[in-house]
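> my questions concern the predicted model and sequence given below.
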Amino acid sequence: MMPGPHPGEHCYSGREEGQMKDNTVYYDSYKEERDLILEYNQVDLNDAKITNIMGIGIDNMTRAQAVVRVMEMIKSGGVFHIITFNPYKIQRFKGNADLRLISGTADMHLASGGGIQWAGKVLKTPIRERIPTLSFIMDIVRIAEIKEFSIFLVGGKPEIVERAFFNIKKSFPKIRIVGRHGGYFNDEREKSVIEAMRKSEANIVFVGLGFPKEDRWIHKIRGEFKNAVFIGVGGCIDIISGEIKKAPAFFMGRGIDWFYRIISKPWRIGRFIRVLFFFISVIGRRIFSRK
């Protein structure tokens with residue numbers, strides 16, 4: 001038996017109205033009477049593999065396998081960097097030498113965007129499962145509460161990361177969040193942030209500085225640590241805090257929440273153009289591979 005979708009991961013427990021009033025976001029899935037440890041212990045990693053999607057090696061695995069891989073990272077010790085990919089990110093990584101270096105040193109690449117699954121299908125290299133970033137990190141929080149893993153939050157404005165901390169603690173009372181810090185800091189303040197993270201000895205660090213800043217920062221500072229799993233979470237801290245609403249279910253369920261963000265913020269048209277190039281490139285590669 002493998003862990004399946006959890007109630008509460010695609011909605012805020014029916015409390016959307018309360019969220020809009022006071023920014024309280026509540027996940028009630030921690031109340032489920034399920035033996036998650038037993039379920040995860042039955043997950044087999046032997047069939048997890050790397051699949052090339054437009055020059056990026058994606059870890060082709062289920063969400064449950066990704067969570068188990070994180071648990072193994074924590075158990076083994078060391079420093080790890082996890083990147084979640086959508087079509088926009090793939091285009092940025094492909095076109096930037098520094099980002100390609102960062103991708104090459106990262107330890108896990110997850111397909112978070114529906115466009116990655118589509119590309120895998122077109123290129124005849126199917127991706128087993130899309131792993132939405134928000135759902136993935138809530139799975140990590142859920143298992144961290146049970147296993148007593150510790151978490152550090154970095155990202156957003158100070159008041160936003162505080163609300164995210166409050167909302168996570170409200171949903172998962174026993175979770176060990178050993179530190180949090182806003183994502184706006186200068187070079188001098190950065191030293192204090194890194195020192196606080198290091199002293200906390202957090203097992204998992206969620207970094208929400210926005211792409212590509214968060215992945216550049218993780219790559220830059222990872223040498224300062226001995227044991228930590230760094231996960232770039234984009235705007236998830238803003239969503240957990242209630243500051244930003246999730247995309248409607250239609251977009252979330254199809255992995256095109258990025259498209260919703262573009263149409264709701266038209267000044268991001270540059271991102272749409274990059275994504276369009278991704279789709280054109282995939283189709284072009286498929287056509288020429290037939291010749």
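Yep, that arrived.
> use CA for all of it now, contacts and neighbours both
OK.
> number of nearby residues for residue 210?
Burial of residue 210 is recorded as 16 neighbouring residues (other Cα atoms under 10 Å).
> just checking, it touches residue 237?
No: using Cα atoms under 8 Å, residue 210 makes no contact with residue 237, being 10.2 Å away.
> for the stretch 1-150 of the chain, what spans make up the strands?
49-53, 56-60, 79-85, 108-111, 150-155 (DSSP state E, counting those that start in this stretch).
> all helices of the stretch 151-291 of the chain, in order?
Ranges of helices within the stretch 151-291 of the chain are 158-171, 187-200, 213-221, 236-241, 249-253, 257-264, 269-289, based on DSSP state H, counting those that start in this stretch.
> mean neighbour count, these: which tops it?
Of all those, helix 236-241 has the most neighbours on average by mean count of other Cα atoms under 10 Å, namely a mean of 24.
> tell me the average confidence for that one?
Here helix 236-241 scores 94 as its mean pLDDT.
> by contact count, what packs against that helix?
helix 158-171 (3 or more Cα pairs under 8 Å, 6 or more residues apart in numbering; DSSP states H and E).
> just the CA atoms of the helix it packs on, as CSV, please.
C-alpha atoms of helix 158-171 as CSV (Å, rounded to 0.1, in the frame of the first residue of the first chain):
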residue,chain,number,x,y,z
PRO,A,158,8.7,38.9,8.4
GLU,A,159,5.0,39.1,9.1
ILE,A,160,4.2,36.5,6.4
VAL,A,161,6.7,33.9,7.6
GLU,A,162,5.3,34.4,11.1
ARG,A,163,1.8,33.7,9.9
ALA,A,164,3.0,30.7,8.0
PHE,A,165,4.6,29.5,11.2
PHE,A,166,1.4,30.0,13.1
ASN,A,167,-0.7,28.2,10.5
ILE,A,168,1.6,25.2,10.4
LYS,A,169,1.7,25.0,14.2
LYS,A,170,-2.1,25.2,14.4
SER,A,171,-2.5,22.3,12.0
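> and residue 127, which of the helices of the stretch 151-291 of the chain is closest to it?
Residue 127 sits nearest to helix 269-289 of all the helices of the stretch 151-291 of the chain, at 14.4 Å, using Cα to Cα.
> list of residues touching the closest one?
Helix 269-289 is contacted from outside by 54, 87-88, 90-92, 119, 122-123, 259, 262, using Cα atoms under 8 Å, 6 or more residues apart in numbering.
> if we use 7 Å, what do you get?
87-88, 91, 119, 122-123, 262 (Cα atoms under 7 Å, 6 or more residues apart in numbering).
> can you give me the angle that helix makes with strand 49-53?
Taking axes from the mean of the first three to the mean of the last three Cα atoms, to 10 degrees, one finds helix 269-289 and strand 49-53 inclined to each other by 100 degrees.
> helix 269-289 - what's its average pLDDT?
Average pLDDT, helix 269-289: 86.
> pretty sure residue 94 is touching residue 103, no?
No: taking contacts as Cα atoms under 7 Å, residue 94 lies outside contact range of residue 103: 9.7 Å.
> and these two? Which one has more around it.
Counted by other Cα under 10 Å, residue 94 and residue 103 do not tie: residue 103 has more neighbours, with 23 against 15.
> what score does that one have for pLDDT?
Looking at residue 103, the pLDDT reads 96.
> now it, nearest residue through space, not along the chain?
Leaving aside its sequence neighbours, residue 103 sits nearest to residue 93 (Cα to Cα, 6 or more residues apart in numbering; 7.5 Å).
> separation between that neighbour and residue 59?
Going from residue 93 to residue 59 by Cα to Cα, to the nearest Å gives 16 Å.
> same deal with residue 280?
From residue 280 to residue 59 the distance is 23 Å (Cα to Cα).
> where does the stretch 101-250 of the chain dip in pLDDT?
Across the stretch 101-250 of the chain, nothing is flagged by pLDDT under 70.
> try it again at 80.
For the stretch 101-250 of the chain, applying pLDDT under 80 flags the ranges 244-250.
> and the gap between residue 243 and residue 88?
Using Cα to Cα, we find residue 243 at a distance of 23 Å from residue 88.
> count of neighbours near the residue nearest to residue 103?
Neighbours around residue 93, by other Cα under 10 Å: 20.
> what do you get for residue 39?
Close neighbours of residue 39, defined as other Cα under 10 Å, add up to 14.
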